[in-house]
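Chemist: Here is a sequence with its predicted model. Questions after.
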Amino acid sequence: MDSKTIYSSESSSPVPRITLRPQEAADALGVSLSTLERLTKAGELRRFKEGNVVLYRVASLDAWAARRESQHDESA
């Protein structure tokens with residue numbers, strides 16, 4: 001999935017997405033939904049609820065991926 005797909009809604013809205021639902025967040029990170037839930041429970045990822053909807057901020061997902069990337073670089 002490319003960043004254009006991640007940041008756009010399925011309705012082709014010109015407004016960039018800043019939040020994703022759990023399955024969208026898992027897809028964006030390239031992990032399973034159960035892995036996303038495990039990372040959230042472990043405190044590695046943050047989410048919030050708006051009513052009954054669970055949302056992840058795209059910026060938070062990007063930051064998590066950047067941290068993981070730098071950890072990987074340091075161990076190489």
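Modeler: Everything's here; your move. Numbering: from 1, shown residues only.

Chemist: Going by C-alpha atoms from here, please, whenever you check contacts or count neighbours.
Modeler: Fine.

Chemist: quick one: residue 68 from residue 62, how far?
Modeler: Distance, residue 68 to residue 62, by CA to CA, to the nearest Å: 10 Å.

Chemist: Export the top strand by length along the chain to PDB, keeping only CA atoms.
Modeler: Among the segments of the chain that qualify as a strand by DSSP state E, the longest is strand 53-57. Provided in PDB are the C-alpha atoms of strand 53-57 (Å, rounded to 0.1, in the frame of the first residue of the first chain):
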ATOM      1  CA  VAL A  53     -14.800   4.200  16.900                       C
ATOM      2  CA  VAL A  54     -11.200   3.400  17.700                       C
ATOM      3  CA  LEU A  55      -8.700   5.600  15.800                       C
ATOM      4  CA  TYR A  56      -4.900   5.700  15.300                       C
ATOM      5  CA  ARG A  57      -3.200   9.000  14.300                       C
END
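
Chemist: Would you mind listing the buried residues in it?
Modeler: Residues of strand 53-57 classed as buried by neighbour count (16 or more other CA atoms under 10 Å): 55, 56, 57.

Chemist: wait, which of those residues is closest to residue 27?
Modeler: Nearest to residue 27 out of those is residue 56 (CA to CA; 12.1 Å).

Chemist: and residue 59, how many neighbours?
Modeler: Each residue near residue 59 was counted by other CA atoms under 10 Å, and the total is 11.
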